[in-house]
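>>> what's the 3D shape of this:
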Amino acid sequence: MMNFFDILLKMSLQASLLICVIMVLRTFIAKLPKVYTCMLWVLVLIRLLCPIFIESGFSLVPQMDGEANTVFSDQSRLLPAEPAQESFADNASTNGGEPVGPAPANSTPIYNNETVNTAFDNSIGTDWSVGDILFILWMIGIVLMVVLHITQYVRMKKMLRTAVHTEEGVWECDRIHSPFVMGCIKPRIYLPFGITGVERAYIVSHERSHIHHFDPQLCILEIAALCLHWWNPFVWLAVYRMNQDREMLCDEAVLKHADINTRKEYSATLLQFAMKQSKLAVIVSFGETNTESSIKHILKFRRPTAMISAFLILIVGICAFCFLTVPGIEATPVMDSKVNGTDITPEVSLEQSDTGLLGDKEYADLIMKYLEEDNNAGFASLIKYPIKLYVGDQQKVIYNEEEFLTAYDQIIQEDFKASVLATDTDNLPTNMYGVRMGNGELWFEKFDSTGYQIYAINNSSVVSYPQEDIFITGWNNKTMNLDMSMQEKDTWYSKIIKDIPHAEESYEIRGVYYEDMDKNGSLDLLLLLKLRDGAITPESYPGTYLCIYMNDDPVYLKEYKESLYLAFRHVLYGDVDRDGCTEIIYSIDTGGNGGNGSAEKSILKYKEHTLMQMSLPGDDLEELEEDVDEGYEVKVLYGKGENEYKAVCDSLGRTVEFHGKNAVDANGNKSVQNIRENELAGGNCRGYTEFSIISKSGQEYLQAKEYLHGEGGINHCVGWASFLMDWDENGNPSVLKFDVEEL
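Next comes the predicted model:
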């Protein structure tokens with residue numbers, strides 16, 4: 001649909017430019033025959049109705065690619081109203097979690113035992129794009145235009161039921177006051193009763209000229225153009241001037257060989273019938289419009305010379321070429337590598353070439369060449385970083401060429417050089433680990449992104465398979481499905497190892513997101529890393545680090561201690577407080593059983609290249625411990641009868657009545673036989689559990705849910721408490737809406 005609107009806009013823009021040009025030309029050729037302006041108007045109809053765009057090397061129409069085509073972008077969302085019985089959670093969408101299910105029709109929220117005003121809830125539903133809204137408005141306009149013309153046509157046909165056929169193609173009717181042509185396939189001329197003599201001859205000749213010029217068919221095209229482009233005022237102006245010029249063209253045909261007296265007589269006839277003209281006929285037929293202009297043209301128009309006629313035809317051709325074509329896409333020229341037989345390709349040395357093009361022997365020869373020439377920088381450029389090796393007597397991690405060159409003399413010693421340079425490159429030992437040089441002091445392998453690279457030096461006894469990650473186990477596997485090249489993986493790997501503590505230890509990935517969270521075109525990384533068991537002291541659980549990389553800003557690092565099991569439950573991002581900044585909402589499971597609500601929840605604001613902690617509603621409650629999220633306490637009370645409950649949030653001062661199933665035992669009997677209204681049945685479990693971002697009128701809001709259990713204990717779910725959240729300009733959180741989503 002967006003492509004359709006792009007085409008429609010392009011057609012309308014080109015036609016509007018052509019209309020402006022024609023309006024200017026009309027002032028210069030006002031006294032000349034109208035056949036030339038009518039030809040130009042036909043070009044306008046072609047442009048308004050024909051979606052085919054011919055490319056040319058030159059066009060007066062600007063290129064429509066790029067930002068001009070983003071008018072109907074789906075990024076701006078609007079929402080229609082929903083029926084009152086649906087909860088505001090019905091169609092909430094998550095960005096990283098599971099979709100929220102619909103609520104039954106009998107879910108009626110109540111605040112303080114009063115029925116809630118559901119106006120806010122009703123406005124949240126399946127989202128529509130701006131393009132959808134504009135498409136509906138455009139279709140409404142088309143329908144109204146079509147209904148208008150059909151209604152006028154039907155009314156006119158009823159008026160003409162009494163018409164009498166008088167001669168070939170001519171009919172007379174006593175219910176009309178001016179002559180006109182009507183019909184597309186077999187046009188008819190309709191005249192008022194009582195027209196005789198010279199007047200009748202003039203009028204019939206004029207109307208036959210309309211038929212001869214195919215004006216009835218052009219009238220249908222005009223109506224189609226108005227229906228499609230009803231919103232464009234230039235099209236309405238064009239149709240008005242088009243009809244005016246066609247009337248003058250028919251006048252010219254009738255008076256082709258007439259003298260000045262005949263013209264005056266003809267003009268008097270036009271004036272007489274113009275005073276009686278039915279406005280109804282203008283819409284669906286060809287009555288004379290703008291009689292004053294027609295009479296002036298009749299009395300003043302002159303026949304052009306052959307040179308002027310040729311010039312005007314040239315003008316029409318130029319307009320057709322310029323306004324019925326679009327600029328072609330220029331091909332990027334490819335420079336030939338030879339000029340006059342001389343090769344002008346830049347000379348590339350072996351050192352500058354892609355080492356991925358080399359074989360084992362050639363790469364080994366290159367290594368030996370750099371060692372013999374003491375080309376430290378050249379040798380350092382061949383290494384895959386980060387690399388774990390011995391610097392003197394200590395094993396260290398080297399992250400880049402600069403660090404390697406600083407410790408070069410401690411790493412590359414004489415015995416190392418002697419052993420590597422003694423390698424027979426014609427008979428290189430190769431195994432599953434790669435290619436070995438010397439007595440195992442150096443290993444290299446071919447990697448997908450960069451070709452051959454050295455991955456082990458002076459540690460042949462602890463060489464690992466090159467595809468296995470030493471510091472972050474499973475890095476390649478965990479990032480396999482991300483939009484990340486091998487080179488980007490290596491870059492991220494080096495950066496992460498430098499930023500996290502205990503870089504000498506081993507981590508495992510517990511979660512990774514690689515998306516453009518602030519929507520600036522650059523991908524951001526959100527990573528959850530846990531130290532492997534045994535990598536730290538056994539007195540506590542292994543530590544876990546949350547790493548967030550936004551653009552080129554320093555890493556945001558947060559440590560979680562004493563957590564047995566960690567994994568992302570939700571990761572969402574959007575402008576949920578509508579201040580123009582991005583907020584990142586995440587929850588991390590921190591319990592071994594993964595129970596409802598057993599997660600660390602947090603919201604961060606990305607502003608001025610910094611991630612800042614924000615508060616969730618309920619974080620400021622005094623009874624909560626630091627860094628512990630329990631959300632709002634919600635008590636579940638019995639309702640008036642079976643399967644009826646009340647959710648009471650004292651902190652918000654709100655109550656919601658809802659339906660849920662009473663608990664039953666193994667035999668199917670209800671756990672509670674005598675239900676008493678307002679007695680405690682259960683409550684919420686562990687605070688906010690589910691998060692989602694929903695839209696209202698193109699703006700984003702954060703919604704959280706809490707698991708509610710009944711009298712049957714923690715496994716007896718009776719519903720979900722939902723909280724629609726907001727923040728003021730000072731960052732203070734609040735709850736816009738408290739409700740219950742029924743099962």
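>>> Please enumerate residues in contact with stretch 195-205?
With CB atoms under 8 Å, 6 or more residues apart in numbering as the test, stretch 195-205 has contacts from 170, 172, 179, 189, 191, 253-254, 265-266, 269, 272-273. Where C-beta positions appear, they are placed from N, C-alpha and C, glycine not excepted.
>>> Give me the domain ranges for the protein.
Split into domains by automatic domain parsing, the chain comes to 2-67+133-156+210-272+286-323, 110-127+630-741, 358-462, 469-563.
>>> Report the distance from the third one to the chain centre.
Chain-centre distance of domain 358-462: 48 Å, with CA atoms, centre = their mean, to the nearest Å.
>>> out of the domains of the chain, nearest to Ile588?
Closest approach to Ile588 among the domains of the chain (CB to CB): domain 469-563, 6.7 Å.
>>> what sits against Thr423?
By CB under 8 Å, 6+ apart, Thr423 lies in contact with 364, 368, 437-438.
>>> And the helices in the stretch 251-400 of the chain, which stretches?
260-274, 279-284, 291-300, 306-323, 360-372, 376-380 (DSSP state H, counting those that start in this stretch).
>>> looking at those helices, which is closest to Leu148?
The nearest among the helices of the stretch 251-400 of the chain, by CB to CB, is helix 279-284 at 7.8 Å.
>>> ok, the contacts of Thr423 vs Phe568, which is closest?
Top of the list for closeness to Phe568, among those and by CB to CB, is Met437 at 43.2 Å.
>>> Settle this for me: the closest one is touching Trp443, isn't it.
Yes - counting by CB atoms under 8 Å, Trp443 is a contact partner of Met437 at 7.4 Å.
>>> Apart from its neighbours in sequence, what residue is nearest Gln699?
For Gln699, ignoring the flanking residues on the chain, the nearest one in space by CB to CB, 6 or more residues apart in numbering is Arg578 at 5.4 Å.
>>> quick one: low-confidence ranges for the stretch 101-250 of the chain?
Within the stretch 101-250 of the chain, the ranges that satisfy pLDDT under 70 run 101-131.
>>> Quick one: mean pLDDT for the helix or strand harbouring Tyr455?
Using DSSP states H and E, Tyr455 maps to strand 451-457. Across strand 451-457, pLDDT averages out at 84.
>>> What of stretch 323-335?
For stretch 323-335, mean pLDDT is 52.
>>> got JSON lines for the domains of the chain, with distance to Tyr573 too?
Shown next, in JSON lines, are the domains of the chain (distance: least, CB to CB, whole Å):
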{"stretch": "domain 2-67+133-156+210-272+286-323", "distance to Tyr573": "24"}
{"stretch": "domain 110-127+630-741", "distance to Tyr573": "8"}
{"stretch": "domain 358-462", "distance to Tyr573": "29"}
{"stretch": "domain 469-563", "distance to Tyr573": "4"}
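>>> Worst mean pLDDT among those domains?
With a mean of 75, domain 469-563 has the lowest mean pLDDT of the domains of the chain.
>>> how far does that one sit from the chain's center?
That offset, for domain 469-563, works out to 29 Å (CA atoms, centre = their mean).
>>> before we move on, the earlier item: export the helices of the stretch 251-400 of the chain to TSV and tack on mean neighbour count and distance to Trp231?
Below are these laid out as TSV (neighbours: other CB atoms under 10 Å; distance: least, CB to CB, whole Å):
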stretch	mean neighbour count	distance to Trp231
helix 260-274	16	31
helix 279-284	16	19
helix 291-300	17	27
helix 306-323	14	20
helix 360-372	17	66
helix 376-380	17	65
